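Visitor: sharing a sequence plus its predicted fold:
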Amino acid sequence: MPAQIDTDGGHSLSLLADAWDKAAQHWHDEMARDFDVHHVRPLLDESRTYLDALRDLIEVLDTATRDTTPS
Amino acid sequence: MTRVDADIEALKEFHAALIRFRDAQREVAARGGQEVEAARASLAERAGHWRSVLEQRQAELDVCRRRAAQAPAMDDEVDCAGYVHAVAEAEQRLEQIRRWQQRVEEEASVFVGVAGRFRNLLENDLPRTQAHLSALITRLEAARGVQSPGS
């Protein structure tokens, strides 16, 4: 299950980060820095935080399932 | 394509990436809650199973103990150790499930805060970012005399 999260959430997040890197290569003024700091970075950071938390949660839930299933 | 057009195109590409990201992450945002519900249901089902097993084993142990209490009068010997062990195993399983239920609730309550911030990001912050970028692209196109497709 964690692999599925990587594929769905992590992949689209890295596509977004790549798209921003490409856009930022052609945009160097103060407005670009402001957009990066106030819009893009919080978006990427908060998304990473969520995906990490989701991955950790699913690991715990998987362990709970394994640990309570009769062998 | 000129340098100025390339700049605007790059911003448009990023704007499109924001829309794709929001669509993709909406499903991911709902997943944590779904996984927690599935785990709760699974643990509750197992707890129910082991409560029923414990009840049955406890009844068997009670029968054995009654037989054991009567055994000396009939010059007999009854060993209930197997039943005691079976009851202890069921109690242990139930306790293990109870501990996991508690842990899942603790993890879920921590996760709720992170998930709430992420949903807020997708539903409020990200649309604001998209709108801000759209306005910026429009201003750039106007300032640089670039015609939007269809205009």
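Guide: Sure thing, it's come through.
Visitor: from here on, contacts and neighbour counts on C-alpha atoms
Guide: Noted.
Visitor: pull the number of nearby residues for residue B:92.
Guide: For residue B:92, the neighbour count with other Cα atoms under 10 Å in any protein chain shown is 14.
Visitor: how far away is it from chain A?
Guide: 11 Å (Cα to the nearest Cα, to the nearest Å).
Visitor: ok, now how distant is that residue from residue B:79?
Guide: 22 Å (Cα to Cα, to the nearest Å).
Visitor: number of nearby residues for residue A:9?
Guide: For residue A:9, using other Cα under 10 Å, the count is 23.
Visitor: quick check: pLDDT value at it.
Guide: Residue A:9 is assigned 82 on the pLDDT scale.
Visitor: and if you look at residue B:136?
Guide: pLDDT for residue B:136: 88.
Visitor: element containing it, please.
Guide: Assessed by DSSP states H and E, residue B:136 sits inside helix B:126-143.
Visitor: for residue B:43, same thing?
Guide: Remark: residue B:43 resides in helix B:3-70, with elements defined by DSSP H and E.
Visitor: of all of chain B, which residue lies closest to chain A?
Guide: residue B:10 (4.7 Å; Cα to the nearest Cα).
Visitor: that residue touches residue A:26, doesn't it?
Guide: Yes: using Cα atoms under 8 Å, residue B:10 is in contact with residue A:26, at 7.2 Å.
Visitor: the more surrounded of the two?
Guide: A direct count of neighbours by other Cα under 10 Å for residue B:10 and residue A:26 places residue B:10 higher, at 21 against 17.
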